[in-house]
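S.K.: need a structure here:
(chains A, B, C and D)
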2 protein chains.
Amino acid sequence: MTKAKFNREEVLDRAIELFWQHGYSASSMQQVVKATGLKPGSIYLAFESKDGLFKEALERYSQKGLKKLKEEIESAPTPSKGICRYLESMIKGTLKCDYTSCFLAKTSLELAAENNELHSFASSKLDEIEDLFCHYLEQDYGKKEIKERATSLMLHIFGLGLYGYQCSSPAKMRKGVREGLSWLPWD
Amino acid sequence: MTKAKFNREEVLDRAIELFWQHGYSASSMQQVVKATGLKPGSIYLAFESKDGLFKEALERYSQKGLKKLKEEIESAPTPSKGICRYLESMIKGTLKCDYTSCFLAKTSLELAAENNELHSFASSKLDEIEDLFCHYLEQDYGKKEIKERATSLMLHIFGLGLYGYQCSSPAKMRKGVREGLSWLPWD
DNA sequence: ATTTTTCTTGAACGGTCATTCAAAAAAGGT
DNA sequence: ACCTTTTTTGAATGACCGTTCAAGAAAAAT
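M.R.: You can find the predicted model right below:
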C-alpha cells in the first residue's frame, strides 16, 4: 500500500512553515519528516539534502512573495498607494502569527556568518525586492529621490519584521512607520 | 598544574562573540569549550547550562550596550545629536564585522517561536532601549511627537542590523536612514 | 504478461549534541 | 600541618543530528 508520488508544492509549503518558524539550524530533518509525512528516503531523493530542500523552500517563498507584492501594487490606484496597502497588511499580519518577519530576511540574518549559498541566495532575493520598489516608485516620484526612499522602505520592512515580535500593538507600529515614511500617500 | 579560577567576564565576552555570530542553535557547547579554553565541567559548574550561559551573555551585552548608548548621548551637545552619532557609528560598524545587527535583536528573532525565557529576556531589554530613547527625546522635542519617533528609531535600528548584512555601502544606508529620520539634527 | 524504471520504506549509520561525574588538584580555614 | 570545601579535569552518557541503503511496491515501457 504505497502512496502515490507526493505533491511537491504541498511539501514545500510545509517546509516553509517549519523553516520560517524555527529557522535553519533549529529545524531538524526529523521534524521535516513529521511535518510532511514523507519518509527520509523520499525527501532525500527529491531534494538531495537539507540545504537543497531549504533552498527550494526559499525559492518558492520568494516567488509567492514577489507575486503578492506586485499584485498588491498593481491593483492599487497608484504604485505608492499600493505600497501603503502592502505595509498596512504587514502590520496587521504581525498579530496573526508568531513568525512574522520575512522568511528571506530571517534566513539572511541567521546564516550571515556562515556565508554559504543559502545566505547569498536569500540576500539576492531581498535585493530584487528593493529593485522592484525602485521600479514602482519611479512612477510616482522624481528620479532624484527614489533610491533613498527605496532603501528607507527596506529599512522599515526589515525593522517591522523584528519589531513585530516585540510589540503587540499594530497602532503603535503604524504610527512609527508613518513617521518614517511620511512621503507616502497615507490616507 | 591546574589553572586558577577563571575570569568570568572574559569568558562571557568570548561567549558573546560566539553566540552573536552564529546564533543560539548553531553554537555548540563544544565550540564554547574551544572558544573559552574551559572544560565542560567548569562551564556547567559556573553557568549551569547552555541557556544559563547564553542568558548571562545577553545580560552582559545589554549592560555594555546601554552604557555605551548613554555615554554617547550624554557626551553630545544635545541628546538628539548624540542619537545621530550613535546611528552613524552603527552604520560604520556594519563594515567592520560580519555579525552586526544587535545581539539582542538577533536573539529575539531567532527564538521568537520558542517563546522561552531567553526570548522574553531579549525582548524586555529591547523595550528598555526604546524607553531610553523616549527619555532622551523628551529633552529636545515636544511630548506629542516623541513616542512615534522613538518607535521610528527602533524600526531603523532593527532595519539597519538586517540591512547591514545585505548592503555593503555605508553611504547608501546613511541616505536611507536620513530619509526616514529627517527630524534628527543631521549636520 | 513481463521487464525495467521510478519511487517508497524504515531501520541503521557514524557523528555531534548538551550534559554528567568520579577523580584529581587547588584554595581556604583552623 | 591538616582537614574541608571549591574548582578543574576529560572521558563517558544517551539522545538526536543529517544522511544512506537494501529491499519492496507502484508505475511505465515493452
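
S.K.: so what's the residue nearest the centre of chain A up against?
M.R.: Centroid-nearest residue in chain A, with C-alpha atoms, centre = their mean: residue A:102, separated by 3.3 Å. Contacts here follow C-beta atoms under 8 Å, 6 or more residues apart in numbering or on different chains; on that basis residue A:102 touches A:65, A:126, A:157, A:158, A:161. In short, each C-beta sits where N, CA and C put it, glycine included.

S.K.: helix or strand for the first one, which one?
M.R.: Mapping residue A:65 onto the secondary structure by DSSP states H and E places it in helix A:50-74.

S.K.: does that helix reach DNA strand C?
M.R.: No: residues of helix A:50-74 contacting DNA strand C under C-beta under 7 Å from any atom of the strand: none, with a closest distance of 12.2 Å.

S.K.: do that helix and chain B come into contact?
M.R.: No: judged by C-beta under 8 Å from any C-beta of the partner chain, helix A:50-74 makes no contact with chain B; its nearest approach is 13.2 Å.

S.K.: just checking, what packs against that helix?
M.R.: helix A:8-22, helix A:29-36, helix A:40-47, helix A:79-96, helix A:103-110, helix A:117-137 (3 or more C-beta pairs under 8 Å, 6 or more residues apart in numbering or on different chains; DSSP states H and E).

S.K.: near DNA strand D at all, stretch A:45-56?
M.R.: Yes: judged by C-beta under 7 Å from any atom of the strand, stretch A:45-56 and DNA strand D are in contact via A:49, A:50, A:51.

S.K.: identify the residues contacting that stretch?
M.R.: A:6, A:8, A:11-12, A:15, A:19, A:24, A:29, A:32, A:43, A:116-118, A:121.

S.K.: hmm, try it at 6 Å
M.R.: Here stretch A:45-56 makes contact (C-beta atoms under 6 Å, 6 or more residues apart in numbering or on different chains) with A:15, A:19, A:29, A:118.

S.K.: how about low-confidence regions in chain A?
M.R.: Low-confidence segments of chain A (pLDDT under 70): A:1-4, A:97-101, A:167.

S.K.: flag every residue of chain A that's near chain B.
M.R.: A:21-23, A:25-26, A:98-99, A:105, A:108-110, A:112-113, A:123, A:126, A:148, A:151-152, A:155-156, A:158-159, A:162-163, A:165-166, A:172, A:175-176, A:179-180 (C-beta under 6 Å from any C-beta of the partner chain).

S.K.: how far out from the middle of the chain is the host helix or strand of residue A:148?
M.R.: If you go by DSSP H and E, residue A:148 is part of helix A:143-166. Computed by C-alpha atoms, centre = their mean, to the nearest Å, the chain-centroid distance of helix A:143-166 equals 14 Å.

S.K.: cool, and stretch A:160-169?
M.R.: In this view, stretch A:160-169 has its centroid 15 Å away from the chain centroid, taken as C-alpha atoms, centre = their mean.

S.K.: what do you get for stretch A:128-140?
M.R.: Put simply, stretch A:128-140 sits 17 Å off its chain's centre (C-alpha atoms, centre = their mean).
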